Structures are given as C-alpha cells and as structure tokens.
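Peer 1: Requesting a structural model of the entry that follows:
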Amino acid sequence: MSSLPPFAPFFLAAALALVLPGRARALVLVALPILGALNLYHLPDGTLWQLSFLSNELEPVRVDRLSRLFGYLFHIGCFSEALGCSIAGTPEAADSWFMGFQWRIAACSECQRHLGWYFDRVTPGSETDFFYGLILDRIQHE
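Peer 2: Numbers count the residues shown, from 1 in each chain. I've put the predicted structure just below:
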C-alpha cells in the first residue's frame, strides 16, 4: 500500500463522486471508508509531511501507534487567544506537533471539556511565543 496522506483517498473520492453516475458513485462512497482505513493502517511510523509556515515548522501528517489504532482524525485551528479556555498540566515537549513548542491541555473553563492544546515556545524570544490549537468542531460561538 502506498504512503498517501490520510486525507488523500477522501479528496480523490469526493472528486470522483462529482463526476460518476449513480451505482459507480455509490460504490466509491461505500469503498471509501475501507480504503481509507487500509491506507491509515499501512502508513509508516514517523513524519510523512513537514512544511514551514510563518517561521514555524508544521507536521500536518505524523503517524504513531495511537493514530493508527484509532484512526481518529480531527481538524485544529490555531488561535492567538481563546476566551473561556483554561490551561492544565505541566508543559510537555515530547510528541508536539510543532517543532520548538511544548504543549499543555486547553479545556473549557466552565465544563472542563477538552478543547485542544496550548502551545508555547520551549525557548521564548520569537514573534510567536504561544498559541492555542483548538479542535474546530468543539468550539462554540456565541
């Protein structure tokens, strides 16, 4: 199996679903979760993608045993402020998605639901010393 990023089969299937007729479209949509799971299972451990963005090194696709076991993918947004978030735990540099940053848990101040992570630089002194990485479908707008 190839080492496609986990989202690639879904993008390809979405493009095919736009142009395929009835039964062929249904077949693609039924096969998609199976092929996506197989692709995720066969991805090699480690970082598959790394890119620089605004003086930060990002790892949008990184595979470890936990991600392969659960195959749980979510989208995070990076924010400079997060009203209503409380920060918990000790700073942890291991397994950070952002090189040079350590993380702690960010939770709702009222209900304590996990909302994402708070990242701050291991060595402060840059333009961006901290930010919040929040799971987008857990954010409430009022």
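
Peer 1: right, and Ala106 touches Leu134 too?
Peer 2: Yes - between Ala106 and Leu134 there is a contact under C-beta atoms under 8 Å: 6.6 Å. (Glycine included, C-beta is placed from N, CA and C.)

Peer 1: can you list residues touching both of the two?
Peer 2: Residues touching both Ala106 and Leu134 (C-beta atoms under 8 Å, 6 or more residues apart in numbering): Ala82, Cys85, Leu115, Gly116, Trp117.

Peer 1: quick one on the thing from earlier: more neighbours: which of Ala106 and Leu134?
Peer 2: The residue with more neighbours, out of Ala106 and Leu134, is Ala106; 24 against 21, by other C-beta atoms under 10 Å.

Peer 1: The helix or strand hosting that one pairs with which strands, and in what direction?
Peer 2: Using DSSP states H and E, the element containing Ala106 is strand 101-108. According to DSSP bridges, strand 101-108 forms sheet pairs with strand 85-92 (antiparallel), strand 114-121 (antiparallel).

Peer 1: For that strand, buried residues please.
Peer 2: For strand 101-108, the neighbour count (16 or more other C-beta atoms under 10 Å) marks Phe101, Gln102, Trp103, Ile105, Ala106, Ala107, Cys108 as buried.

Peer 1: try stretch 18-30
Peer 2: Here stretch 18-30 shows Val28 as buried, counting by 16+ other C-beta under 10 Å.

Peer 1: could I get it in PDB with only the CA atoms?
Peer 2: Provided in PDB are the C-alpha atoms of stretch 18-30 (Å, rounded to 0.1, in the frame of the first residue of the first chain):
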ATOM      1  CA  LEU A  18     -18.900  14.700  -8.600                       C
ATOM      2  CA  VAL A  19     -18.500  13.000 -12.000                       C
ATOM      3  CA  LEU A  20     -19.500   9.400 -11.600                       C
ATOM      4  CA  PRO A  21     -23.100   8.300 -12.300                       C
ATOM      5  CA  GLY A  22     -25.400   6.500  -9.700                       C
ATOM      6  CA  ARG A  23     -24.100   3.000  -9.000                       C
ATOM      7  CA  ALA A  24     -20.500   3.900  -9.600                       C
ATOM      8  CA  ARG A  25     -20.800   6.800  -7.200                       C
ATOM      9  CA  ALA A  26     -22.400   4.600  -4.600                       C
ATOM     10  CA  LEU A  27     -19.600   2.000  -5.000                       C
ATOM     11  CA  VAL A  28     -16.900   4.700  -4.400                       C
ATOM     12  CA  LEU A  29     -18.700   6.000  -1.400                       C
ATOM     13  CA  VAL A  30     -19.100   2.500   0.100                       C
END
